[in-house]
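# pasting the structure only:
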């Protein structure tokens, strides 16, 4: 366990479904992140939250909607996704500009 | 745009030999670099970091070398073991920029041969 917990580990959803990914960290970090990891591509930053305020939205389609109710929890709400959105979604946290601590990810398959 | 890249997508190494994984970065303002290891089914894990005021840093069986002149970073793993099989990423950031955004390379898969 890294201290960053993601649920669920695996998710299969249809294109008309609505689902949410959850991330929780108990490291006392101030920043949390969502990354998308696809095969043969670099990690793609999606969103950054610093003290629960969104500081970065990396041109992510609106079918991905983040929520950060407090510094320890981060959600990614999904709706009307496309098959190309299938990927590993990684949550990470950091204390200011220190390196990230990653969760194990949610393997998402859109059918 | 700025990018961080890796020279070799796959590296096969005999068990017990040393491994060297390379990374090139293009942002000359980058001043903080991290190597991550990602095993199958897991998220990336921090291995070692280095700041731009250093050119070498050693950990347990790992050494990171930084050459700012040619904007090159390398990770050396001594006496490679089967448990070292994973994908390795380099990441860079400019701490002075105040941004929380790291740029990651594509990754190199290290395969350890028995």
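Perfect, I can see it now. Quick caveat: nothing in here was measured; it's all calculated off a predicted structure. Numbers count the residues shown, from 1 in each chain, chains lettered A, B, ... in the order given.

# The residue nearest the centre of chain A: which element?
Nearest to the geometric centre of chain A sits residue A:34, at 3.2 Å (CA atoms, centre = their mean). Per DSSP states H and E: residue A:34 is located in strand A:31-37.

# which one is the residue nearest to the centre of chain A nearest to, not counting chain neighbours?
residue A:46 (4.2 Å; CB to CB, 6 or more residues apart in numbering or on different chains). Bear in mind the C-beta positions are built from the backbone N, C-alpha and C, glycine included.

# repeat for residue B:65
residue B:74 (4.8 Å).

# Look up how far residue A:16 lies from the one you found.
According to CB to CB, to the nearest Å, residue B:74 and residue A:16 sit 47 Å apart.

# out of those two, which sits in the more crowded spot?
Higher neighbour count among residue B:74 and residue A:16: residue B:74, with 17 against 8, using other CB atoms under 10 Å in any protein chain shown.

# rewinding a little: quick check: beta-bridge partners of the residue nearest to residue B:65?
On the basis of DSSP bridges, residue B:74 is bridged to residue B:22, residue B:65.

# Next up, the contacts around the nearest residue to residue A:63 once chain neighbours are set aside.
Distances taken as CB to CB, 6+ apart place residue A:80 nearest to residue A:63, at 5.3 Å, with adjacent residues excluded. Taking CB atoms under 8 Å, 6 or more residues apart in numbering or on different chains, we find residue A:80 in contact with A:15-16, A:63.

# Tell me who's in contact with the residue nearest to residue B:65.
By CB under 8 Å, 6+ apart, the contact set of residue B:74 is B:20-23, B:64-65.

# switch to 10 Å and redo it
By CB atoms under 10 Å, 6 or more residues apart in numbering or on different chains, the residues touching residue B:74 are B:7, B:20-24, B:35, B:63-67, B:90.

# List only those of these flagged as buried.
Taking 16 or more other CB atoms under 10 Å in any protein chain shown as the criterion, what is buried in the contacts of residue B:74 is B:21-24, B:35, B:63-66, B:90.

# Export these as CSV, with columns for pLDDT.
Below are these laid out as CSV (pLDDT from 0 to 100):
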residue, pLDDT
B:21, 96
B:22, 94
B:23, 93
B:24, 92
B:35, 96
B:63, 98
B:64, 98
B:65, 98
B:66, 97
B:90, 94
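
# circling back: could you report the neighbour count for the residue nearest to residue A:34?
Residue A:46 is flanked by 20 other residues according to other CB under 10 Å.

# Doesn't it belong to a strand?
Yes. Counting by DSSP: H, G, I helix; E, B strand; the rest coil, residue A:46 is part of a strand.

# That one: what's it in contact with?
Contacts for residue A:46 (CB under 10 Å, 6+ apart) come out as A:33-36, A:56-61, A:64, A:66, A:76, A:89-90.
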